[in-house]
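Enquirer: What follows is a predicted structure for the sequence shown.
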Amino acid sequence: MRNPYGDEMAEQPEIAISRHWCAVLAVLFLAGISVPSVWRHAGEWQKADDERWLPVRELFRHPSPEAANLLREKRARRDTITRETPSLRDHLQAFEDRIEDTELRRASRRADQQWLTRRLGVGNRRVLAARDGWLYLRPSVEALTGYGPLRPEPEGVIRDPDLPPWRNGADAVVSFARQLEERGIRLTLVPVPVKVMIHPHPVNGCGEPVVHPDYLSLLVRFRENGVETIDLVPLLDEVNRTDPAFLRQDTHWTPVAMEKAAAHVAARIGRRPGGLEVNRVFLAGQSRGDLVGMLDLPRPEAIFPEEKTTLTRLLDRRTGRPLESDPDSPVVLLGDSFVNIYEDPGLGFGQAAGEEGASRIGAGFASHLAAALGLRLHVIAINGEGATGVRREFAALSAESLERKEHVIWVIASRDLLYSATSGRKAGVVWRDVTFSPGQARGDETPGNEALLIEATMREKSAIRDPAETDYADALYSAIFDELEVVSGAYEADRVRVFLPAFTDRELLPSSRYEPGARLRLQLVPLDDDAGASSLSRMDDFFAPGLVPMLARQAEPVE
């Protein structure tokens, strides 16, 4: 049989190159692959011993702290992983992730991103840059175009054996509703539409709504299972006819849309007798959105001016201060950053708080809903934890506290409900069932007013995600300590659950490097006493309903 390509292949000309140019090209190639490595090792050598990371040494350091952190993350996502020591696979995966994190590469990537965004209007894998300066969270857009939560996603040919099984949001919501029903607690689910559902024109150019086919089916499924659901799409679509419903450079809604959503939810629920009276103060707010931060530009101000808006700050008429969460309230508000925006100064509108270091702005969804209901709310809102974290915190309340609860209002980004397995894992969203406290009285170990200073040994530590892959620039992580020695203050339990700073402005902090076995001196306060820290994104792999979550204001190794 004749080879149809034989003649053509035989006629290919030979390419000859002299020995001189072979040597030159070889030297250039070797320099290209060796200089960055030598440069990195030289730079790392200049750092302190506890910050130094030399690839040529770390490759043979097994198990490494990075591999241990990766294994913690895998075990938190999948219960069937039982190994205590990182495998060689864990070590190599963690090494590859760390080898990509270089100052040289980061500086080059940021400079490239600045040019691409400014000249070509290009985003990155986290941010979709659209027309007229509009930015979108790329996983949110992908959530509307993927398989969705109701259809099983086909598995790939090559599958990571450590990949966790996927539990969709619909099942978790229905399960939680039944848990509340058993305790006589009413649930109202409020999904907040994805930005592109209300503002599609900058993305598709035609203004046609971008709605996942499963969205309406999902709402029907909730209602068929007795889950009261408030669909905000018609309301925000109506708002958008006169005022933008979402910020141009941010994932979140505008103050106008948020205030009307709070009034709409309150009208559906009904005003309650609570005697709450507020004063309204109108403030100018401005912020460069969280999506600009995710672009990680060296000079964002050269491309994106700060976005200006007007906030309506609500102050308690009795105290003159922003409304605080009331743990004794019969109505609980669960939420994520859609609740915390305009409340948490760390989300971009801190200057509107009026005083430096203020813990609350008082112009967000929780404040407006409380004012509309006429009742103070028990607010559990954690950035990035609207799916599981807030339910877990609610389930950890004492039996006495749960008996006082009558109604849970759960505000959640609808993208979390619409993710398929692949897009959900990529976005870091995890749906888990929660276990309610088995009659334990949470709060028995709460320290008194005296400052608590202890020395303790870290036994377990939650996995810390790559700051570059998270939606929020600041985060905490949790750890369990034992072998407690109280230096000052009062604490009776034999263990303590502590939250420590993981990263700020997407830069890992020294406290993130502590490993199990470390002996630390900790200055602690209850996490809920610090309004700013209690709303931060958390990396928390533990369910310890008998232990009050504490915040480490200071942490240092014991010599």
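Expert: Okay, I see it. This is a predicted model, so every value here is computed, not measured. Residues are numbered from 1 along each chain as shown.
Enquirer: going forward, measure contacts between C-alpha atoms and count neighbours the same way
Expert: Fine.
Enquirer: how near is Phe246 to Lys195?
Expert: 6 Å (C-alpha to C-alpha, to the nearest Å).
Enquirer: cool, and Leu333?
Expert: 22 Å.
Enquirer: Equivalent analysis for Leu137, please.
Expert: Leu137 is 9 Å from Lys195, by C-alpha to C-alpha.
Enquirer: what residues are shared contacts of the two?
Expert: Jointly contacting Leu137 and Lys195 under the rule C-alpha atoms under 8 Å, 6 or more residues apart in numbering are Thr251.
Enquirer: Mind checking what helix or strand follows the longest strand seen in the chain in sequence?
Expert: Ranked by number of residues, the top strand in the chain under DSSP state E is strand 475-488. Elements were assigned by DSSP states H and E; along the chain past strand 475-488, the next helix or strand is strand 496-504.
Enquirer: For that following strand, which strands pair with it and how are they oriented?
Expert: strand 475-488 (antiparallel), strand 507-508 (antiparallel), strand 550-557 (parallel) (DSSP bridges).
Enquirer: Can I get the longest strand of the chain in PDB, CA atoms only?
Expert: Output of strand 475-488 as PDB, limited to C-alpha atoms (Å, rounded to 0.1, in the frame of the first residue of the first chain):
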ATOM      1  CA  ALA A 475      -9.000  35.700  55.800                       C
ATOM      2  CA  LEU A 476      -8.700  33.800  59.100                       C
ATOM      3  CA  TYR A 477      -8.000  30.100  59.800                       C
ATOM      4  CA  SER A 478      -8.900  28.000  62.700                       C
ATOM      5  CA  ALA A 479      -6.800  25.800  65.000                       C
ATOM      6  CA  ILE A 480      -7.500  23.600  68.000                       C
ATOM      7  CA  PHE A 481      -5.100  24.000  71.000                       C
ATOM      8  CA  ASP A 482      -4.700  21.900  74.200                       C
ATOM      9  CA  GLU A 483      -2.200  21.600  77.100                       C
ATOM     10  CA  LEU A 484      -3.500  25.000  78.200                       C
ATOM     11  CA  GLU A 485      -1.700  27.100  80.800                       C
ATOM     12  CA  VAL A 486      -3.700  30.300  81.700                       C
ATOM     13  CA  VAL A 487      -1.300  33.200  82.300                       C
ATOM     14  CA  SER A 488      -4.000  35.800  83.000                       C
END
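Enquirer: Pull out the buried positions in that strand.
Expert: Buried residues in strand 475-488, counted by 16 or more other C-alpha atoms under 10 Å: Ala475, Leu476, Tyr477, Ser478, Ala479, Ile480, Phe481, Asp482, Leu484, Val486.
Enquirer: contact partners of it?
Expert: 450-464, 494-504, 512, 536-542.
Enquirer: Now do that strand: distance to the chain's middle.
Expert: Mean-position distance between strand 475-488 and its chain equals 23 Å (C-alpha atoms, centre = their mean, to the nearest Å).
Enquirer: Beyond the longest helix seen in the chain, next helix or strand please.
Expert: Ranked by number of residues, the top helix in the chain under DSSP state H is helix 19-45. Helices and strands here follow DSSP H and E; after helix 19-45, the next one along the chain is helix 55-58.
Enquirer: ok, Gly335 touching Ile412?
Expert: Yes - counting by C-alpha atoms under 8 Å, Gly335 touches Ile412, with 5.8 Å between them.
Enquirer: Low-confidence bits of the protein, can you list those?
Expert: For the chain, the stretches with pLDDT under 70 are 1-13, 155-160, 164, 351-358, 438-450.
Enquirer: Could you chop it up by domain?
Expert: 174-296+304-418, 452-557 (automatic domain parsing).
Enquirer: So for Pro149, which of those sits nearest?
Expert: Nearest to Pro149 among the domains of the chain is domain 174-296+304-418; the distance by C-alpha to C-alpha comes to 5.5 Å.
Enquirer: buried set for stretch 191-210?
Expert: 191-203, 210.
Enquirer: ok, the residues you listed vs Arg151, which is closest?
Expert: Val210 (18.6 Å).
Enquirer: if I look at the closest one, how far off is Leu150?
Expert: Going from Val210 to Leu150 by C-alpha to C-alpha gives 18 Å.
Enquirer: Could you do Glu100 as well?
Expert: Distance from Glu100 to Leu150, by C-alpha to C-alpha: 36 Å.
Enquirer: Asp328 now?
Expert: 38 Å.
Enquirer: When these two are compared, which one has more neighbours?
Expert: Per other C-alpha atoms under 10 Å, whichever of Asp328 and Leu150 has more neighbours is Leu150, with 18 against 14.
Enquirer: Tell me if I am right that that one is in a helix.
Expert: No - using DSSP: H, G, I helix; E, B strand; the rest coil, the assignment for Leu150 is coil, not a helix.
Enquirer: That one is in contact with Asp214, isn't it?
Expert: Yes - at 6.8 Å, Leu150 counts as touching Asp214 under the criterion of C-alpha under 8 Å.
Enquirer: OK, contacts around Asp250?
Expert: Asp250 neighbours (C-alpha under 8 Å, 6+ apart): Leu135, Tyr136, Arg288, Gly289, Asp290, Leu291, Val292.
Enquirer: actually Leu120, not the one I wrote
Expert: By C-alpha under 8 Å, 6+ apart, the contact set of Leu120 is empty.
Enquirer: in a strand, that's where Leu216 is, yeah?
Expert: No - judged by three-state DSSP, Leu216 forms no part of a strand; its state is helix.
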